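Peer 1: could you look at this predicted model? Sequence included:
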Amino acid sequence: FPELKHMAHELESMFSELDLASQNLRQSQQRLSLVLDGASLGSWDWNLQNKTVSIDERFAEMIGLKASDFQNDDTLWERLIHPDDYSKFQFALKQHFEQRTLDYQVEYRMRHKKGYWVWMLSRGKVNQKDDLGKPIRISGTHLDITERKASEEELITLNILQTAILESAGYAIIATGSDG
C-alpha cells in the first residue's frame with residue numbers, strides 16, 4: 001500500500017507544520033504580551049461592521065473593569081468617556097476614518113468603576129476596510145496618562161501663581177543663579 005504510506009507521511013508532515021505554526025503563534029503572542037506589559041499599554045480591537053469591541057485585561061483594569069464587561073456592548077467604551085472629551089474622541093476618529101490622519105490619537109478621560117476619572121492616551125489605526133474604502137476594523141492601545149496630566153495641571157497652577165506674585169509685587173524682583 002504505497003499510496004497509503006505516502007498519504008500517512010503527508011499527514012504527518014502537515015501535522016508537524018501545524019504544530020510548528022502553533023508554537024510560533026504562541027511565542028508571538030507571548031512577545032506581544034510582554035511588550036504591551038513592558039510599555040504599560042492596554043490593547044483594543046473594534047470591529048465597526050459587527051459592532052464588537054475586544055479589549056485585553058490590562059485596559060479593563062485601568063478603569064476597574066474586566067475585559068468580559070465589554071463583550072456584546074460596543075457602546076460601553078463610548079459611554080465611559082467624559083462628556084467634555086467626547087467630541088475630541090469623535091473628531092479624532094472621524095479624521096482618521098476619512099484618511100485625514102495616518103493614525104488615530106487622542107487624549108480623554110474615562111470613568112473608573114469607582115467613579116473617578118482616568119486620563120487615557122488612545123492610539124490606533126484602521127487595519128481593515130470594505131471594497132469602498134470604508135473602515136471596518138480599527139485596533140490600538142490605551143496608556144494611562146493620569147499622573148502626567150496631574151503634573152501638567154500642577155505646573156500650570158504654579159505658573160499662574162508665579163505670574164500673580166510677580167505682577168502684584170510693588171518692587172523689582174531680580175532672579176540670579178546659584179552662584180550669585
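Peer 2: Structure received. Since we're looking at a predicted model, the values are computed, not measured.

Peer 1: just the mean pLDDT for the lengthiest helix in the chain, thanks.
Peer 2: Counting by DSSP state H, the longest helix found in the chain is helix 2-38. Taken as a whole, helix 2-38 has an average pLDDT of 76.

Peer 1: then stretch 106-122?
Peer 2: Stretch 106-122 comes out at a mean pLDDT of 97.

Peer 1: can I get that stretch as CSV, trimmed to CA atoms?
Peer 2: Taking C-alpha atoms only, stretch 106-122 is exported to CSV below (Å, rounded to 0.1, in the frame of the first residue of the first chain):
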residue,chain,number,x,y,z
VAL,A,106,-6.5,61.4,21.2
GLU,A,107,-6.3,62.0,25.0
TYR,A,108,-9.5,61.8,27.0
ARG,A,109,-10.9,60.8,30.4
MET,A,110,-12.7,57.6,31.1
ARG,A,111,-14.8,56.9,34.2
HIS,A,112,-13.3,54.3,36.5
LYS,A,113,-15.7,51.8,38.1
LYS,A,114,-15.1,53.6,41.4
GLY,A,115,-16.3,56.9,39.9
TYR,A,116,-13.1,58.8,39.4
TRP,A,117,-11.7,59.9,36.0
VAL,A,118,-8.7,58.2,34.4
TRP,A,119,-6.8,60.0,31.6
MET,A,120,-6.1,57.8,28.6
LEU,A,121,-3.9,58.3,25.6
SER,A,122,-5.7,56.3,22.9
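
Peer 1: how close does residue 147 sit to residue 119?
Peer 2: Distance, residue 147 to residue 119, using CB to CB, to the nearest Å: 9 Å. In short, each C-beta sits where N, CA and C put it, glycine included.

Peer 1: and these two? Which one has more around it.
Peer 2: residue 119 (19 against 9; other CB atoms under 10 Å).

Peer 1: mind listing what's buried along the host helix or strand of that one?
Peer 2: Assigned by DSSP states H and E, residue 119 belongs to strand 117-129. Applying a neighbour-count criterion of 16 or more other CB atoms under 10 Å, one finds 117, 118, 119, 120, 121, 122, 123, 124, 126 buried in strand 117-129.

Peer 1: brilliant, that's me finished.
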